[in-house]
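1. pasting the sequence and the predicted model now:
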Amino acid sequence: MAESRERELAQAIRAELAAIDPPRACCRAAERAGLGPAIQGHARSPVIARLAVRLADDAPEEGSAAPPFDWAAARAHCRAAWLRGRFLATGSLSLGARGAHLEFVVDPERAQEMRERLDEAGFPMSARTRRGRAVLTSKRTDTILSFVRYCGAGASVLEVESRLVMRQLQGHLNRVLNAETANLERTVASSARQIAIIEQLEAEGRLGQLSAVDQSVARARRAAPEASFTELSETLGLSRARVQRAFGRIESAATTGTSAAD
């Protein structure tokens with residue numbers, strides 16, 4: 001169920017980007033250039049095919065070559081449009097419990113250029129080769145969300161961020177609960193050992209030989225087996241350190257047969 005929702009989110013991001021209709025002619029030309037072969041009927045999905053048809057409405061007439069995209073001279077909005085086209089044509093995005101994954105599959109001879117452009121736009125990626133193709137990859141969630149937002153995604157990114165926040169809060173809550181449970185288990189185990197020692201001293205008639213402070217601590221422990229040292233100290237009006245030392249003397253009395261003054 002969770003994996004299905006994550007896939008739907010990734011698809012929603014792609015659909016939102018593909019639905020963008022650039023208002024500027026320069027951005028439309030930049031996105032056409034970014035789509036590459038997809039603009040000529042080689043789209044990877046119906047969504048991209050429909051985008052290619054929309055952008056082809058004001059493409060150069062057949063027989064006239066479109067000018068190559070000049071990244072160095074392009075403005076930020078045109079660069080974003082070109083990267084949007086590149087992502088829709090050659091990129092993939094996955095979102096999951098273990099993190100996000102963004103990659104571009106490009107021809108090896110264009111990999112360095114693509115990597116430099118992404119880096120210049122603020123989205124550094126690692127590079128590797130897979131089955132003869134160059135693959136540019138990022139697994140940094142903040143970088144990936146910044147990239148799709150830069151390309152124009154809005155509502156779907158907010159949904160992803162909302163889920164990430166909820167996941168972080170749930171993880172924090174689980175860590176807190178686990179820590180509290182572990183502390184409680186340690187307190188219960190320690191309390192059970194202390195009560196057994198107190199009962200041993202009482203059975204041997206040696207509980208009354210302890211100091212008044214130690215006896216009051218022993219009585220308080222038997223009355224409140226689940227209480228922490230801090231709670232016992234508040235009940236007795238003693239410092240936590242004195243309560244802790246009292247239990248040390250009680251345990252020592254049980255093992256050595258002697259008692260010490262506070």
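-> Cool, the structure landed.

2. ok, and the closest non-adjacent residue to R128?
-> V135 (5.4 Å; CB to CB, 6 or more residues apart in numbering). C-beta here means a position set from N, CA and C on the backbone, and glycine is covered the same way.

3. can you pull the poorly scored residue ranges out of this structure?
-> The chain contains residues with pLDDT under 70 at 1-3, 38-45, 57-67, 97, 164-168, 257-262.

4. pretty sure E161 contacts S146?
-> No. Between E161 and S146 there is no contact under CB atoms under 8 Å: 11.0 Å.

5. between the two, which one's more packed in?
-> S146 (16 against 13; other CB atoms under 10 Å).

6. can you tell me how far that one is from S138?
-> 10 Å (CB to CB, to the nearest Å).

7. tell me which residues form a beta bridge with the residue nearest to R128?
-> In this entry, V135 is beta-bridged to V105, R128, by DSSP bridges.

8. which neighbours do S146 and S138 have in common?
-> Counting by CB atoms under 8 Å, 6 or more residues apart in numbering, the contacts common to S146 and S138 are F123.

9. ok, now which ones touch L102?
-> Applying CB under 8 Å, 6+ apart, the residues contacting L102 are G91, S92, L93, M125, T137, S138, K139, T143, I144, F147.

10. got a ChimeraX select line for the buried ones in those?
-> Command for ChimeraX that selects the buried part of the contacts of L102, burial taken from 16 or more other CB atoms under 10 Å:
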select :91,93,125,138,143,144,147
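
11. filter the contacts of L102 down to the ones in helices?
-> T143, I144, F147 (DSSP state H).

12. looking at those, which is nearest E120?
-> F147 (12.9 Å; CB to CB).

13. which residue is the nearest non-sequential neighbour of that closest one?
-> F123 is the one closest to F147 (CB to CB, 6+ apart), at 4.8 Å.

14. how many residues are close by that neighbour?
-> Applying other CB under 10 Å, I find that F123 has 21 neighbouring residues.

15. helix, strand, or coil at it?
-> F123 falls in the coil class when you classify it by DSSP: H, G, I helix; E, B strand; the rest coil.

16. give me phi/psi at it?
-> Torsion angles at F123 (phi, psi; degrees, to the nearest 10) stand at phi -130, psi 80.

17. what is the burial count for G99?
-> 12.

18. one step back: for the residue nearest to R128, give me its contacts.
-> Residues near V135 by CB under 8 Å, 6+ apart: E103, F104, V105, V106, A127, R128, T129.

19. elements contacting the one helix or strand L51 maps to?
-> Following DSSP states H and E, one finds L51 within helix 46-56. Using 3 or more CB pairs under 8 Å, 6 or more residues apart in numbering; DSSP states H and E, the elements in contact with helix 46-56 are helix 2-18, helix 25-35, helix 76-90.

20. next, the angle from that helix to helix 25-35.
-> Orientation of helix 46-56 against helix 25-35 (axes from the mean of the first three to the mean of the last three CA atoms, to 10 degrees) gives an angle of 140 degrees.

21. helix 46-56 to helix 2-18, inter-axis angle?
-> Between the axis of helix 46-56 and that of helix 2-18 there is an angle of 10 degrees, by the same axes, to 10 degrees.

22. the strand or helix carrying L177 - contacts with which helices or strands?
-> Per DSSP H and E: L177 is located in helix 155-203. Counting contacts by 3+ CB pairs under 8 Å, 6+ apart, helix 155-203 is packed against helix 2-18, helix 141-150, helix 212-223, helix 240-256.

23. tell me which of those sits nearest to G85.
-> Closest to G85 of the helices and strands packed on helix 155-203 is helix 2-18 (CB to CB; 9.3 Å).

24. before we move on, the earlier item: any idea how far the residue nearest to F147 lies from E31?
-> 17 Å.

25. over to A80?
-> In terms of CB to CB, A80 sits 9 Å off from E31.

26. between those two, tell me which one has more neighbours.
-> Set side by side, A80 and E31 show more neighbours around E31, with 31 against 23, by other CB under 10 Å.

27. ok, now which ones touch the more buried one?
-> Going by CB under 8 Å, 6+ apart, the list of residues near E31 reads P22, L55, A81, W82, R84, G85.
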